[in-house]
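Q: How does the following fold in three dimensions:
(one chain, ligands or ions: 2)
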Amino acid sequence: MSLLTKDEYMALAADLDMPSGAFIDGSFRAAQSGATFATANPATGGELAQVAACGAADVDFAVQKARDAFDDGRWSRLHPSERKDILIRLTKLLTRNARELAVMESLDSGKTIYDCETVDLPETIHCIKWHAELIDKIYDQVAPASDDHIAMVVREPIGVVGLVLPWNFPLLMLAWKVAPALAAGCCVVVKPAEETSLTALRFAELAMEAGVPRGVLNVVTGSGPDVGEPIGRHMDIDMVSFTGSTVTGKRFLGYAGESNAKEVVLEMGGKNPAIVMEDAENLDRVAQHVVNGAFWNMGENCSATSRLIVHAAIKDELMERIAQHTRTWGVGDPLDPETRVGALVSPAHFDKVCGYLDKAGTTLLGGTAKDGFVEPTVIALASNDDPLARDEIFGPVLSVIEVSSFDEAIAVANDTDYGLCASLFTANAKRAIRGARMLRAGTVTVNSFGEGDIATPFGGFKQSGFGGRDNSIHAHDQYTQLKTIWIDLSDDEDEAVD
Ligand SMILES: NC(=O)C1=CN([C@@H]2O[C@H](COP(=O)(O)OP(=O)(O)OC[C@H]3O[C@@H](n4cnc5c(N)ncnc54)[C@H](O)[C@@H]3O)[C@@H](O)[C@H]2O)C=CC1
Ligand code: BAL
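A: Ligands and ions are numbered 1, 2, ... in the order given. Okay, here's the model as predicted:
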């Protein structure tokens, strides 16, 4: 789809119909308390809509509706190909409404319309399609057993699941979780981040239009303590899948332990290194990958390259090229299709990022921050112990650490509490493979930046992840549980049972 002009996007934005109530049991509803909160455009501060400020009573109601839907089998017991057809219909409705959703996403999150149109919407749709296509192609297993028995190992949907979402990719993270959950036959209670509730609500409405039965996909809006915690502690939710900060992710382990020992899958923060060795080829291309990794989505990305670990022998040349490419990343109005760096998601998050800029040592590039916008910034660090090298900043800030050997580079890269992603740039094949094995991260890219794609599992080592993976066929493991069915086939009914 070709992009529109800024004026055309602004006209679309002015005409958007914003959803407001929570979406429970197939319709929009006010919070039971009647409370609402404002969701604002981070680029202007202007209010976009009032959203239902739900609480524990609304979570209870949504869980009860999801449980009813799960138990009567209106979704879980549909023929797999029927579930597939409904989700494929959803992808068609999403495609038809992609432009409206892209504009809504950009307005609510500060993300650039360029990214919303070229990445978030296409990947959201592709993710739903990929998991839908899988539904009627997964087989169960028969285990080795004696001739007198058959031992079946089947996967069953885990039941009612809570999906607690972040604000950095509101629709795409919804898709990463809701697509395999619905594909598996689960019923879901989604809690979008309070900064970015709008597209999840519109998504739920389109899912209903596509034929997802009422009660199967519920969206409960509100704050972490008011909605996230009741989901985490709910006695009738079987599993929670969360993406967000490590601090909040760990809380879900506590909630589960103090309630019904529900299963918990956590996709948390990262402090992702890019190692560039002295033998890396095509430093201009390396620089493009590093700049893209660091500044794409304003650095509000769990897999963002936030530490550049560079060999001293090529540092000056690489930094020159990084500077050239960074200058092409224009900061500005997210609805201008030329903009590559939009607004940070909220004033609170802007203040957090600025706090790190204030503490920064030697700023090599950028450093300007104003009214919610932060210029792509590169900072030289003397040591990997600096808070800028240890904390997840989640802004367009790249720290640079110089090293003088391969082993030192790997040691610095692994010297972090996180372990989500890492990249390694080298022309030496043995080093590439050895390095990929030595790096303690869930995804290692060699001579590129990225997260793999929908077909590869995504999740972290150490404090970046817990309990499972998003994406790929492995995502289904989160939303299903194994059952053994052991059947006696012996025909001698008189034989003693021992
Ligand atoms: N891994 C990732 O993709 C993300 C990482 N972050 C990191 O987290 C930092 C803080 O951002 P936040 O929005 O505050 O992240 P957060 O982790 O607190 O929020 C993520 C989700 O958890 C919910 N939540 C918050 N507090 C909760 C609680 N006490 N109980 C249950 N649910 C709760 C939120 O409402 C939201 O839906 C960012 O600066 C960034 O470093 C934030 C968003 C995404
Ligand atoms: N990059 C997608 C996953 C995340 O940021 O949470």
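Q: How about the secondary structure of the residue in the chain that ligand 2 sits nearest to?
A: Nearest residue of the chain to ligand 2: Cys302, at 3.5 Å (C-beta to the nearest ligand atom). No exception for glycine: its C-beta is placed from N, CA and C like everyone else's. Classification of Cys302 using DSSP: H, G, I helix; E, B strand; the rest coil returns coil.
Q: doesn't Thr243 make contact with it?
A: Yes: checked against C-beta atoms under 8 Å, the pair Cys302 and Thr243 is within contact range at 7.4 Å.
Q: quick one: common contacting residues for these two?
A: Common neighbours of Cys302 and Thr243, using C-beta atoms under 8 Å, 6 or more residues apart in numbering, are 267-268.
Q: Near ligand 2, which residues of this protein? Just list them.
A: Listed as neighbours of ligand 2 in the chain under the rule C-beta under 6 Å from any ligand atom: 166, 168-169, 173, 243, 267, 301-303, 451.
Q: Just say helix, strand or coil for the residue nearest to the residue of the chain closest to ligand 2 when sequence neighbours are not counted.
A: Of all residues not flanking Cys302 in the chain, Gly270 sits nearest, at 4.8 Å (C-beta to C-beta, 6 or more residues apart in numbering). Following three-state DSSP, we place Gly270 in the coil state.
Q: measure Gly270 to Tyr418 for me?
A: Gly270 sits 5 Å away from Tyr418, taking C-beta to C-beta, to the nearest Å as the criterion.
Q: Might you report the residue contacts of Phe252?
A: With contacts defined as C-beta under 8 Å, 6+ apart, Phe252 is in contact with 164, 232, 240, 242, 264, 266.
Q: Which two among those are spaced furthest apart?
A: Of all pairs drawn from the contacts of Phe252, the widest gap by C-beta to C-beta lies between Gly232 and Leu266 and measures 11.1 Å.
Q: For the residue nearest the centre of the chain, report the pLDDT, please.
A: Among the residues of the chain, the one closest to the centroid is Met173, at 3.8 Å (C-alpha atoms, centre = their mean). Note on Met173: pLDDT of 98.
Q: Buried residues of the helix or strand hosting it, list them for me.
A: Using DSSP states H and E, Met173 maps to helix 170-184. Using 16 or more other C-beta atoms under 10 Å as the test for burial, helix 170-184 gives 170-184.
Q: Which strands or helices does it pack on?
A: In this structure, helix 170-184 packs against helix 80-96, helix 98-109, helix 121-134, strand 160-164, strand 187-191, helix 198-210, strand 239-243, helix 475-479, with contacts taken as 3 or more C-beta pairs under 8 Å, 6 or more residues apart in numbering; DSSP states H and E.
Q: Recalculate using a threshold of 6 Å.
A: helix 121-134, helix 198-210, helix 475-479 (3 or more C-beta pairs under 6 Å, 6 or more residues apart in numbering; DSSP states H and E).
Q: Run through who's touching the shortest one.
A: Counting by C-beta atoms under 6 Å, 6 or more residues apart in numbering, the neighbours of helix 475-479 from elsewhere in the structure are 158, 180-181, 184, 186, 241, 265, 468.
Q: So which of those is the closest to ligand 1?
A: Using C-beta to the nearest ligand atom, the contacts of helix 475-479 come closest to ligand 1 at Ser241, 11.5 Å.
Q: more crowded one of Gly270 and Tyr418?
A: For Gly270 and Tyr418, the more surrounded residue by other C-beta atoms under 10 Å is Gly270, and the numbers stand at 29 against 26.
Q: so where's the protein shaky on pLDDT?
A: 493-495, 498 (pLDDT under 70).
Q: domains of it?
A: 6-268, 272-446 (automatic domain parsing).
Q: right, so of the ones you listed, which gets closest to Ala455?
A: Nearest of those to Ala455, taken as C-beta to C-beta: domain 6-268 at 7.5 Å.
Q: This completes my enquiry, with thanks.
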